[in-house]
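J.: Structure, please.
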Amino acid sequence: MQQAAHLVNLVITTGEPAGVGPEVSLAASLEFLREHADARITLLGNDQLLTLSKGLSSELSSRLQIQSFPLGAPVVLGSLNSQNAQYVVNLLDQAIDGCQQGLFDAMVTAPLQKSIINEAGTPFTGHTEYLAQRCKVSHVVMMLCAPLPIGFLGLKVPRDLRVALVTTHLPLKEVAPAVSYDLILETIQIVNQDLQQKFGIAKPIIRMAGLNPHAGESGYLGREEIDAISPSIEAAKKMGIHVSGPYPGDTMFDPESVAQVDAFIAMYHDQGLAPFKFVTFGNGVNVTLGLPIIRTSVDHGTALDIAGKGVADSKSMLEALRLAYKLALNKRKQV
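T.: Predicted structure coming up:
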């Protein structure tokens, strides 16, 4: 086995204890470690929910650590309990602190239930916003990534589909007032910078959506494209960023662009993630851009209805681990 100092150290927050987080975290970890002999994973959660097989090899078990946290209340799979909300937040805090202190190279998050954390008295909009607050970063960007195989939409080589968002968890009526020139320009800059620094893409190609149908149709269907989106794109171009648009949301993801574009930027959550999730079949990974640490996540929820039934699919968690590993290696190359 490689020396611990050379291993890529990943940490997983196993999320809502009543959901599928613990089981997909454990299953994906074992598969990932069989693929990568130069990695080690620390699972954060309650050890009663993370039972290792007795037939596990000593070499594999030495690279999979479980750091147990006490639950606030006994877990009934599929049944939420606000008494376990602080437990979920504690897992996040431990992973963030460990990454900031250099104990871990990257963190991967299993799904949690935002409503339960809020019900327990902690204001919580989502992982992305919480990470920004804890890392003292004013603006982060949510981006979904997934590998596309040869032949999909006529692809001649495998290609990663990446979709970033200008706004994240906002009610639709609040999106238009939020998409300001400054917010859009900062989003473009963050996406471009992290594609270069974390993904190792020297000259990223970025494609940006408009907000309104037909990208506003010259102002007839809205002025956001004229007043904010187009000016921000032009400003980014002057900075040397290879970004184009705004494109109508319903035609932005054409087969030719999927084969060439490194990242698409959508104005709001469903504009970008509906087409993304339709074509990625549960293999998507959520990565937070603009942070001083590396964070990836699954692109699904807690799936309370199937928790503990042995049918939860761990593919998204496995892809999240694979991407975190790649980003950690890219970061090491730059040090």
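
J.: Give me the below-cutoff pLDDT ranges for the chain.
T.: Within the chain, the stretches with pLDDT under 70 are 1-5, 53-55, 335.

J.: hmm, try it at 50
T.: 1-2 (pLDDT under 50).

J.: Please identify the residue most distant from the middle of it.
T.: Distance from the C-alpha centroid of the chain peaks at Y220, with 35.5 Å (CA atoms, centre = their mean).

J.: pretty sure that residue is in a strand, no?
T.: No: counting by DSSP: H, G, I helix; E, B strand; the rest coil, Y220 is not found in a strand; it is coil.

J.: quick one: the helices in the protein?
T.: With DSSP state H, the ranges of helices along the chain come out as 21-35, 58-62, 85-100, 114-119, 127-134, 175-178, 181-197, 224, 230-238, 255-260, 269-280, 315-334.

J.: Which secondary structure elements does the longest one sit against?
T.: Judged by 3 or more CB pairs under 8 Å, 6 or more residues apart in numbering; DSSP states H and E, helix 315-334 is in contact with strand 8-13, helix 21-35, strand 106-109, strand 141-148, helix 181-197, strand 285-289, strand 295-298. Every C-beta, even on glycine, is put in place using the N, C-alpha and C of the backbone.

J.: Please convert these to JSON lines, extending it with mean neighbour count and distance to N81.
T.: Putting these into JSON lines (neighbours: other CB atoms under 10 Å; distance: least, CB to CB, whole Å) gives the following:
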{"stretch": "strand 8-13", "mean neighbour count": "26", "distance to N81": "18"}
{"stretch": "helix 21-35", "mean neighbour count": "22", "distance to N81": "14"}
{"stretch": "strand 106-109", "mean neighbour count": "28", "distance to N81": "20"}
{"stretch": "strand 141-148", "mean neighbour count": "22", "distance to N81": "28"}
{"stretch": "helix 181-197", "mean neighbour count": "20", "distance to N81": "36"}
{"stretch": "strand 285-289", "mean neighbour count": "25", "distance to N81": "25"}
{"stretch": "strand 295-298", "mean neighbour count": "28", "distance to N81": "22"}
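
J.: of all the ones you listed, which lies closest to E256?
T.: strand 141-148 (13.6 Å; CB to CB).

J.: sorry, back to before: roughly how far apart are the residue farthest from the centre of the chain and G121?
T.: Plainly put, Y220 is 47 Å away from G121 if you go by CB to CB, to the nearest Å.

J.: Just give me the residue right at the centre of the protein.
T.: N286 (1.8 Å).

J.: Excluding residues flanking it in the chain, which one is nearest that residue?
T.: S297 (4.1 Å; CB to CB, 6 or more residues apart in numbering).

J.: isn't the one you found right up against H127?
T.: Yes: taking CB atoms under 8 Å as the definition, S297 is a contact partner of H127 at 6.2 Å.

J.: shared neighbours, those two?
T.: Jointly contacting S297 and H127 under the rule CB atoms under 8 Å, 6 or more residues apart in numbering are T109, N286, T288.

J.: Export those residues as a markdown table, with columns for distance to M239.
T.: Below are the shared contacts of S297 and H127 laid out as a markdown table (distance: CB to CB, whole Å):
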| residue | distance to M239 |
| --- | --- |
| T109 | 32 |
| N286 | 27 |
| T288 | 22 |
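
J.: Which one of those is nearest to G45?
T.: The closest of the shared contacts of S297 and H127, once distances to G45 are taken by CB to CB, is T109, at 11.7 Å.

J.: Report the beta-bridge partner residues of the closest one.
T.: Beta bridges link T109 to T13, S297 when assigned by DSSP bridges.

J.: contacting residues for it?
T.: I12, T13, G15, L92, A95, H127, R295, T296, S297, V298.

J.: Equivalent analysis for F69, please.
T.: Per CB under 8 Å, 6+ apart, neighbours of F69: L44, G45, N46, Y87, N90, L91, Q94.

J.: Need phi/psi at the residue lying closest to the second one once chain neighbours are set aside.
T.: Meaning G45. Counting by CB to CB, 6+ apart, the nearest residue to G45 once its immediate chain neighbours are dropped is T14, at 3.6 Å. Main-chain dihedrals, T14, degrees, to the nearest 10: phi -80, psi 0.

J.: wait, isn't T14 in contact with A110?
T.: Yes: T14 is in contact with A110 according to CB under 8 Å; the separation is 5.0 Å.
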